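# Here is a sequence together with a model predicted from it:
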Amino acid sequence: MKAEYDLSTLKSRKNPYASKLKKPVTMRLSEDVVAYFKGMADEAGVPYQSLINLYLRDCLANNRKVQINWPPAV
């Protein structure tokens, strides 16, 4: 093995995994929601943020839509 390598001759290329990188976001979630996902994550042995991501990805894959029924205005 050489003591030093000349990396200046290497050609750069795009990261093939760049499309799979995750974007950091800030979200405000209720404490009970976080506790729910943390409990499920502990049972499954995965990080809770990964579990939330999997749940949202499942919603995306199955084209689930949120149905909000606001109470009538008084």
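Done, it's in. Residues are numbered from 1 along each chain as shown.

# Next, name the residue at the spatial heart of the chain.
The C-alpha lying nearest the average C-alpha coordinate of the chain belongs to Asn53 (Cα atoms, centre = their mean; 4.0 Å).

# From Lys22, how far off is it?
7 Å (Cβ to Cβ, to the nearest Å). C-beta: built from backbone N, CA, C; applies to glycine.

# before we move on, which element is the residue nearest to the centre of the chain in?
helix 48-61 (DSSP states H and E).

# In terms of secondary structure, what does that helix contact?
Counting by 3 or more Cβ pairs under 8 Å, 6 or more residues apart in numbering; DSSP states H and E, the packing neighbours recorded for helix 48-61 are helix 31-44.

# helices and strands around the helix it packs on, which ones?
Right, helix 31-44 is packed against helix 48-61 by 3+ Cβ pairs under 8 Å, 6+ apart.

# got the buried residues for the helix it packs on?
Within helix 48-61, the residues scored as buried using 16 or more other Cβ atoms under 10 Å are 48, 51-52.

# How confident was the prediction at Leu54?
Per-residue confidence at Leu54 stands at 95 (pLDDT).

# Ends of stretch 19-34, what's the gap?
One end of stretch 19-34 to the other measures 27 Å (Cα to Cα, to the nearest Å).

# contact partners of that stretch?
Stretch 19-34 is contacted from outside by 48, 53, using Cβ atoms under 8 Å, 6 or more residues apart in numbering.

# pLDDT averaged over it - what is it?
Stretch 19-34 comes out at a mean pLDDT of 91.
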